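**Q** any chance you can model this:
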Amino acid sequence: MARVKLFDLAYARSGDKGDGSNVGIIAYRPEGYEFLRRELTAERVKEHFREICLGAVDRYEAPNLLALNFILHDSLGGGGSESLKTDAQGKTHGLGLLMMEIEVPDDLPLGRA
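**A** Sure thing, here's the model as predicted:
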């Protein structure tokens with residue numbers, strides 16, 4: 001097993017809707033998607049964002065895009081102009097999730113195909 005950051009397996013897009021942040025993780029390769037589909041659970045994402053995500057985390061699968069989409073409820077301190085947070089729109093949450101470390105099998109291909 002090797003310990004890597006998610007950015008070795010995927011890229012991300014993120015944004016907001018009200019007080020919730022939306023983080024899409026898109027795998028570079030089909031093998032990476034299947035691994036992330038098994039290992040990158042809503043619970044793991046909630047733990048990773050435990051200091052800012054006060055609500056539930058929902059996960060949606062988009063296998064045709066090799067993507068997982070996470071909704072982090074109650075993560076923006078009210079959102080937009082209501083929040084005193086630096087990133088009240090959630091734009092940096094994608095990069096924040098890509099910094100998560102995860103153990104992967106040594107034979108799992110990393111990087112872009």
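
**Q** flag the shaky bits of the protein, pLDDT-wise.
**A** The model of the chain has pLDDT under 70 over residues 77-89.

**Q** geometric centre of it: which residue is closest?
**A** The centroid of the chain falls nearest to residue 97 when counting by C-alpha atoms, centre = their mean (4.5 Å).

**Q** which non-adjacent residue is nearest it?
**A** Closest residue to residue 97 apart from its sequence neighbours, by C-beta to C-beta, 6 or more residues apart in numbering: residue 23 at 5.3 Å. Glycine gets a C-beta too; all of them are placed from N, C-alpha and C.

**Q** in what helix or strand does the residue nearest to the centre of the chain lie?
**A** For residue 97, the element it lies in under DSSP states H and E is helix 93-98.

**Q** can you list the strands that the helix or strand that that helix is followed by pairs with?
**A** Per DSSP H and E, the first helix or strand lying C-terminal to helix 93-98 is strand 101-104. The pairing partners recorded for strand 101-104 under DSSP bridges are strand 2-5 (antiparallel).
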